[in-house]
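J.: structure, please.
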Amino acid sequence: MGEYFGFAQELLEKGRASVADTYGTAELYDLVVQSQADQAFYVEIASRLGGRVLDLACGSGRLLPPLQEAGLEVVGLDLSSEMLEQARRKLGTESPNVELIQGDMRTFNFCIPFNTILIPYCSLMYMHSDQDRLAVFNRCYNHLNPGGYLAFDFLAGEVEVGEALPALALQGIHPFTEEVLISIVQVKGLAPDLRLLNQINYIFPQEPGEAIITVQASKEAIVCPHHMVSLLEQSGFSVEGIYSNCTLQAYDSGEECLIVAKKLGSMGAKEDECEN
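T.: Numbers count the residues shown, from 1 in each chain. The predicted structure is shown next:
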């Protein structure tokens with residue numbers, strides 16, 4: 001139970017809760033993650049060059065429909081088969097310009113390069129080391145056409161070590177099952193650049209009965225923007241902008257940063273085997 005602390009740990013120790021996969025409950029994830037504030041930015045930057053776009057860590061397909069509607073040829077890659085299945089349901093059967101692939105953002109390999117690669121919703125927070133982050137950036141560089149864009153946001157600043165107070169992440173009624181859903185999140189700072197997140201989910205059935213309680217855990221990395229720029233430059237990228245968020249205000253400080261980088265060189269080396 002090393003990934004759990006506080007009340008989540010107590011619930012597990014007393015047998016009152018079970019462990020759930022962080023992204024196994026894709027429908028619950030969609031209820032928690034409803035932000036569309038970055039949608040216009042990512043569609044706009046992908047539309048600059050048009051053509052082929054890769055959405056890394058696409059999850060349940062939050063950005064896939066608007067990218068498709070913009071006339072782009074989209075590939076969505078995610079590690080979770082459950083999230084990809086949710087994305088397929090969201091897209092429906094009439095999505096000839098969207099391809100979904102299960103894979104790791106550190107090791108993916110495609111035969112046809114992209115004009116734009118996106119890593120939205122701070123998904124780089126799951127890359128906990130410079131080795132992992134460089135693996136991602138090298139993959140991206142090798143899969144972009146010359147002049148292609150890499151755009152991503154990430155958690156910036158510094159973590160306060162210790163336990164923060166619990167906070168309400170979700171309360172509502174499930175749109176399909178009519179279950180009442182409540183999710184509580186608590187963060188524990190492990191180091192200035194790493195935090196542990198515990199989420200407790202309470203699911204109350206439509207008919208009177210005992211609530212189902214599950215807990216989830218994930219570790220999230222925080223990176224200084226200047227250090228992220230250094231890693232990008234090591235991979236061959238030229239950084240075009242460092243912003244606070246998708247409004248493109250210059251980054252000064254804060255917990256979120258967005259970077260736009262460009263590949264100026266020739267095509268990178270390709271592997272012998274590729275996924276499409």
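J.: quick one, phi psi at the closest residue to residue 149 other than its chain neighbours?
T.: Nearest non-adjacent residue to residue 149, counting by C-beta to C-beta, 6 or more residues apart in numbering: residue 116, 4.8 Å away. All C-beta spots, glycine's among them, are computed from the backbone N, C-alpha and C. Torsion angles at residue 116 (phi, psi; degrees, to the nearest 10) stand at phi -140, psi 140.
J.: in this structure residue 237 contacts residue 262, no?
T.: Yes: at 6.7 Å, residue 237 counts as touching residue 262 under the criterion of C-beta atoms under 8 Å.
J.: now do the end-to-end distance for stretch 36-55.
T.: 15 Å (C-alpha to C-alpha, to the nearest Å).
J.: now stretch 55-66
T.: 12 Å.
J.: buried residues in that stretch?
T.: 55-66 (16 or more other C-beta atoms under 10 Å).
J.: can you list which of those residues are found in helices?
T.: Within the buried residues of stretch 55-66, residues falling in helices by DSSP state H are 64-66.
J.: follow-up on the earlier one: compare neighbour counts for residue 237 and residue 262 and give me the winner.
T.: residue 237 (23 against 17; other C-beta atoms under 10 Å).
J.: may I have the phi/psi pair for the more buried one?
T.: Taking degrees, to the nearest 10 as the convention, residue 237 sits at phi -80, psi 150.
J.: ditto for residue 226
T.: Dihedral angles for residue 226 - degrees, to the nearest 10 - are phi -60, psi -30.
J.: measure it to residue 242 for me?
T.: The spacing between residue 226 and residue 242, counted by C-beta to C-beta, to the nearest Å, is 9 Å.
J.: more neighbours: those two, which one.
T.: residue 242 (18 against 10).
J.: pLDDT score for that one?
T.: At residue 242, the model reports a pLDDT of 97.
J.: can you check the one 3 residues further on too?
T.: As predicted, residue 245 sits at a pLDDT of 88.
J.: I'd say it and residue 256 touch.
T.: Yes: in this structure, residue 245 is within contact of residue 256 by C-beta under 8 Å, at 5.7 Å.
J.: list residues touching both of those two?
T.: residue 153 (C-beta atoms under 8 Å, 6 or more residues apart in numbering).
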